[in-house]
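Colleague: This is a predicted model, with the sequence first.
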Amino acid sequence: MYEKDGESYFVVDGHIHFWDASEANWVPGAERYAKGWIECFKAYNGLGPPETQWDFEHFQKYSVDDALGDLFERGHIDVAILQPTYLTEWYTEGFNTTERNAQLVAAAPDRFILNTRWDPREGDEGMRAFEEKVARYGCKGVKLYTAEWRQGSRGWSLRDPEAFRFLERCLELGIKNVHLHKGPTIWPLDKDAFDVSDVDQAATEFGDLNFIVDHVGLPRLEDFCFIAVQEPNVYAGLSVVTGGLMHARPNYFAKVMGELLFFVGEDRMLFGSDYAIWEPQWQVERFVDWNFPASDEFADYAPLTTAGKKKILGLNAARLYGLDVPAQCQLEAAQPTAGS
């Protein structure tokens with residue numbers, strides 16, 4: 001756990017990857033896309049502090065030991081949630097699959113939560129594969145990538161009837177947490193395929209599921225906020241918000257945080273470092289120290305208290321995933337929250 005000024009923080013990193021973008025894993029004929037994808041990720045890496053940025057070769061493929069050190073030895077993370085991104089049209093063994101992520105779980109089973117994925121375009125075969133992974137790995141959540149390419153299709157929508165069939169199966173299998181990439185475009189995927197608007201209907205129809213919108217729909221922040229304010233089962237995943245904005249665009253970061261706290265609230269916001277685009281250490285440390293700049297521009301935002309930071313950094317995710325929180329990291333009933 002992270003400790004600062006006498007406070008203890010239970011930190012759950014809600015957005016972790018373990019990828020292989022090395023040239024040996026590029027699909028022949030799709031090298032342009034495989035290379036462009038990881039180069040785009042590396043450009044995002046450049047938004048972090050210079051001393052935390054990796055060389056390109058290391059960024060393409062890092063080891064189990066690298067990840068364990070970055071997350072747990074130096075990163076202040078107590079539990080990390082692994083979120084897959086398959087991209088099998090460009091990467092022979094996939095970019096960041098459930099099976100690859102399971103290597104980290106095998107190395108530190110008490111420190112990881114392994115999520116899997118499904119794609120409604122895969123039909124019955126995809127359903128069987130989804131069910132097998134849940135049975136094999138005991139997955140508690142899924143990560144969905146609506147902009148992923150597949151056999152000429154450049155994306156899908158949560159509104160699709162087949163997607164509803166998979167959501168129903170999630171409930172039947174005991175999976176309550178549905179993470180969605182709804183945020184900045186990564187080349188060569190299409191921005192419109194990341195549109196957050198399809199979350200609205202799904203959240204209404206599946207009130208027993210939690211929809212964690214990773215990257216909070218950026219650049220469609222307003223659309224996300226107006227969906228989340230009326231759908232109590234929609235959550236804001238802060239990956240990219242902290243890693244991509246806190247250092248490079250501090251005033252914009254403050255604006256995004258202010259809107260999220262006003263519309264969504266600190267009880268429905270989840271920290272995510274988006275490792276290995278960014279390392280978690282500096283994000284955790286700076287977030288604990290952060291508050292709104294002393295400026296009239298931010299005067300109408302309520303301050304984020306220590307209690308609120310504890311919720312966002314780990315307590316909210318712990319509640320969604322049923323994690324035990326050490327007594328010293330829990331909130332006392334009388335502890336104030338933002339706006340109180």
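Modeller: Done, it's in.
Colleague: how close does residue 186 sit to residue 21?
Modeller: Per C-beta to C-beta, to the nearest Å, residue 186 is found 12 Å from residue 21. All C-beta spots, glycine's among them, are computed from the backbone N, C-alpha and C.
Colleague: Need the residues touching each of those two.
Modeller: Contact with both residue 186 and residue 21 is made by residues 37, 41, according to C-beta atoms under 8 Å, 6 or more residues apart in numbering.
Colleague: and the spatially closest residue to residue 144 that is not a sequence neighbour, how many residues sit next to it?
Modeller: Counting by C-beta to C-beta, 6 or more residues apart in numbering, the nearest residue to residue 144 once its immediate chain neighbours are dropped is residue 180, at 5.0 Å. Taking other C-beta atoms under 10 Å as the neighbour definition, residue 180 ends up with a count of 24.
Colleague: Surely residue 180 is in contact with residue 211?
Modeller: Yes - at 6.5 Å, residue 180 and residue 211 qualify as touching, with contact defined as C-beta atoms under 8 Å.
Colleague: hmm, back to that, state the next helix or strand along the chain beyond the helix or strand that the residue nearest to residue 144 is a member of.
Modeller: Under DSSP states H and E, the secondary-structure element containing residue 180 is strand 177-181. The first helix or strand that comes after strand 177-181 along the chain, using DSSP H and E, is helix 198-205.
Colleague: Tell me which strands whatever helix or strand comes next after that next one pairs with, and in which orientation.
Modeller: Next along the chain after helix 198-205, taking DSSP H and E as the criterion, comes strand 210-214. Partners of strand 210-214 in the sheet, by DSSP bridges, are strand 177-181 (parallel), strand 234-237 (parallel).
Colleague: Now do the buried residues in the first one.
Modeller: In other words, strand 177-181. Under the neighbour-count criterion of 16 or more other C-beta atoms under 10 Å, strand 177-181 has 177, 178, 179, 180, 181 buried.
Colleague: Over to stretch 301-309?
Modeller: Within stretch 301-309, the residues that qualify as buried are 301, 304, 305, 306, 307, 308, 309, counting by 16+ other C-beta under 10 Å.
Colleague: same thing with stretch 160-172?
Modeller: Along stretch 160-172, these residues count as buried under the neighbour rule (16+ other C-beta under 10 Å): 162, 163, 164, 166, 167, 170.
Colleague: Stretch 2-14 too?
Modeller: For stretch 2-14, a neighbour-count test (16+ other C-beta under 10 Å) marks 2, 9, 10, 11, 12, 13, 14 as buried.
Colleague: which non-adjacent residue is nearest residue 16?
Modeller: Computed as C-beta to C-beta, 6+ apart, the closest residue to residue 16 that is not its neighbour in sequence is residue 80, at 4.5 Å.
Colleague: is it true that that neighbour lies in a strand?
Modeller: Yes - according to DSSP: H, G, I helix; E, B strand; the rest coil, residue 80 belongs to a strand.
Colleague: Return the distance of it relative to residue 317.
Modeller: Distance of residue 80 to residue 317, computed by C-beta to C-beta: 10 Å.
Colleague: Likewise for residue 37?
Modeller: With the distance defined as C-beta to C-beta, residue 37 ends up 27 Å from residue 317.
Colleague: Which one's more surrounded, the two?
Modeller: Under the neighbour definition other C-beta under 10 Å, residue 37 and residue 317 were set side by side, and residue 317 has more, 27 against 23.
Colleague: for that one, what are its contacts?
Modeller: Applying C-beta under 8 Å, 6+ apart, one finds that residue 317 lies in contact with 12, 14, 79, 81, 270, 271, 323.
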